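**Q** Need a 3D model of the sequence below.
(one chain, ligands or ions: 1)
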Amino acid sequence: MDLSTTYLGFELPHPLMPGSSPLADDLDSVRRLEDAGAAAIVLRSLFEEQIVGDELATYRAHTGAAESHAEAASYLPDPAVFALGTHDYLEQIQKIKAAVKVPVIASLNGTTPESWIEYARLIEQAGADALEINIYELATDPLESGEDVEDRTVAVVAAVREAVKIPIAAKLSPFYSSLSHLAGRIERAGANGLVLFNRFYQPDIDAENLEIEPRLYLSSPVELLLRLRWLAVLSGQFQGSLAVTGGVHNAIDAVKAVMAGAHAVQMVSVLMRRGPETLTRLRADLTRWLEEHGYDSLRQMQGSMSYGRGGDAAAIERSNYMRILQSWRPDDA
Ligand SMILES: Cc1cc2nc3c(=O)[nH]c(=O)nc-3n(C[C@H](O)[C@H](O)[C@H](O)COP(=O)(O)O)c2cc1C
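**A** Numbers count the residues shown, from 1 in each chain. Alright, predicted model coming up:
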């Protein structure tokens, strides 16, 4: 079965790859990912302030966050490794490049335009084949308009585009009033792809002790639905590559994402829960599913359920909304 796909200009044998996470902090785990057939390796984000190294340690000491994601702990590297500083991060890119043949995609999360340019250049010089721009921002300033927030995001993409030649993809959250419009602006600013969507890690409140409880839950397949909707909308509008991240746990999830328009399928939670070897099984399951359903290739399926093929996205959304509300029965409760 031909599972090949093109993502950010790379001809890949299939779309399955680990998403940005500490899975690639450790060379052994990177080799396991490649052995399991990962189509590319995505590194976790380098944070401008190296908060992962410095501030996070302080944060953990104050909040006890270390115990908050016990489920992930078995696949998470030692905190000392998780906390790569800038130098370590760049060195890690070089080491991974030397160790694997697949494309290596770095990820950057900065706060000021200067830092984006500076670190993007360093990342390119270190040998990364592509760069994810991790836009992780909660707009909380009452004086800043939605347009201002979006202008900043577009400016970051444009600045990084100026600074590097490697392909860039913007990893966005779904929380914009007009994602389609923003996606168009991001594309015109020079992004080669979008990664949908970032998850916001939402702290809980410990009501007894009046404390903030930071929690990192691994994802569930329910999270895929929001991604499917926006892949389906954007695949008819955005000319570049689309990657899904969030809620892909098995081959059927990957099938749905590709049908909605994904060129790449990123996974983190399932690989953390079940190990990098899961990629091999998912690829075999994907092949079997396509064979059983009479497809000749993955490309034949790509975008087959996108709204671009079916007409006006807003009208389809409205009719789906009405259908869903009408379809509810008391037995569903
Ligand atoms: C422990 C952990 C660390 C992560 N670190 C990053 C990161 O540094 N940068 C980033 O863009 N996403 C990061 N993510 C988010 C993942 O890349 C991914 O988008 C998210 O987990 C949803 O995908 P999933 O449902 O396959 O887990 C992290 C996720 C986890 C669980």
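**Q** What residues does this structure have near the ligand?
**A** 19-22, 44-45, 72, 107, 134, 171, 199, 216, 218-219, 223, 245-248, 267-269 (C-beta under 6 Å from any ligand atom). Placement of C-beta: from N, CA and C, glycine included.
**Q** Can you select the buried ones from the residues you listed in ChimeraX?
**A** Under the burial definition 16 or more other C-beta atoms under 10 Å, those of the residues of the chain next to the ligand that qualify are selected in ChimeraX by:
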select :19,20,21,22,44,45,72,107,134,171,199,218,219,223,245,246,247,248,267,268,269
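**Q** Contact partners for the closest residue to the ligand within the stretch 51-200 of the chain?
**A** Per C-beta to the nearest ligand atom, Asn134 is where the stretch 51-200 of the chain lies closest to the ligand, at 3.9 Å. Residues in contact with Asn134 (C-beta atoms under 8 Å, 6 or more residues apart in numbering) are Ser20, Ser45, Ser107, Leu108, Asn109, Lys171, Asn198.
**Q** ok, 10 Å please
**A** Residues near Asn134 by C-beta atoms under 10 Å, 6 or more residues apart in numbering: 20, 44-47, 107-110, 169-172, 195, 198.
**Q** what's the lowest-pLDDT member of the residues you listed?
**A** Among those, Gly110 has the lowest pLDDT, at 76.
**Q** What residues sit buried inside stretch 142-152?
**A** Val149, Glu150.
**Q** Any stretches of the stretch 151-300 of the chain with poor pLDDT?
**A** The stretch 151-300 of the chain contains no residues with pLDDT under 70.
**Q** so where do the helices sit in it?
**A** Secondary structure of the stretch 151-300 of the chain by DSSP state H, counting those that start in this stretch: the helices cover 179-188, 224-234, 251-260, 269-274, 278-292, 298-301.
**Q** Just send these back as CSV, with distance to Arg161 too.
**A** What follows is those, written out as CSV (distance: least, C-beta to C-beta, whole Å):
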stretch, distance to Arg161
helix 179-188, 10
helix 224-234, 19
helix 251-260, 26
helix 269-274, 30
helix 278-292, 31
helix 298-301, 28
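**Q** Tell me the confidence at Asp54?
**A** The model's pLDDT for Asp54 equals 46.
**Q** Check Pro113 too.
**A** Looking at Pro113, its pLDDT is 75.
**Q** Also Pro79?
**A** 44.
**Q** which ones are touching Lys101?
**A** Taking C-beta under 10 Å, 6+ apart, one finds Glu34 in contact with Lys101.
**Q** helix or strand for it, which one?
**A** Element membership for Lys101, per DSSP states H and E: none, as it lies in no helix or strand.
**Q** Pull the number of nearby residues for Met1.
**A** 15 (other C-beta atoms under 10 Å).
**Q** Glu291 is in contact with that one, correct?
**A** Yes: using C-beta atoms under 10 Å as the test, Met1 is close enough to Glu291 to be in contact (5.9 Å).
**Q** Residues that sit against both of the two, list them.
**A** What both Met1 and Glu291 touch, as defined by C-beta under 10 Å, 6+ apart, is an empty set.
**Q** Can I take it that Thr6 is in a strand?
**A** Yes: counting by DSSP: H, G, I helix; E, B strand; the rest coil, Thr6 is found in a strand.
**Q** Begin at 815 from now on, thanks
**A** With the count now opening at 815, the last piece we talked about shows up as Thr820.
**Q** which non-adjacent residue is nearest it?
**A** Spatial nearest neighbour of Thr820, excluding adjacent residues (C-beta to C-beta, 6 or more residues apart in numbering): His1077 at 6.3 Å.
**Q** Hmm, the one you found is touching Leu817, no?
**A** No: between His1077 and Leu817 there is no contact, the gap being 11.8 Å when judged by C-beta under 10 Å.
**Q** list residues touching both of these two?
**A** Leu826, Pro829, Leu1112, Arg1113.
**Q** closest to Asn1023 among the residues you listed?
**A** Nearest to Asn1023 among those: Pro829, at 44.8 Å, using C-beta to C-beta.
**Q** Contacts only, for the closest one.
**A** Applying C-beta under 10 Å, 6+ apart to Pro829 gives the contacts 817-821, 853-854, 1057-1058, 1068, 1071-1072, 1076-1080, 1097, 1100, 1112, 1116.
**Q** Going through these, which ones are buried?
**A** Applying 16+ other C-beta under 10 Å to the contacts of Pro829 flags 817, 819, 821, 853-854, 1057-1058, 1068, 1071-1072, 1076-1080, 1097, 1100, 1112, 1116 as buried.
**Q** for the stretch 815-964 of the chain, what spans make up the strands?
**A** Here the stretch 815-964 of the chain has its strands, by DSSP state E, counting those that start in this stretch, at 819-821, 824-826, 830-832, 855-861, 918-923, 944-948.
**Q** CSV for those strands, including distance to Asp1018?
**A** Formatted as CSV, the strands of the stretch 815-964 of the chain follow (distance: least, C-beta to C-beta, whole Å):
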stretch, distance to Asp1018
strand 819-821, 35
strand 824-826, 38
strand 830-832, 27
strand 855-861, 23
strand 918-923, 23
strand 944-948, 23
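**Q** Among those strands, which comes closest to Gly1004?
**A** Nearest of those to Gly1004, taken as C-beta to C-beta: strand 944-948 at 10.7 Å.
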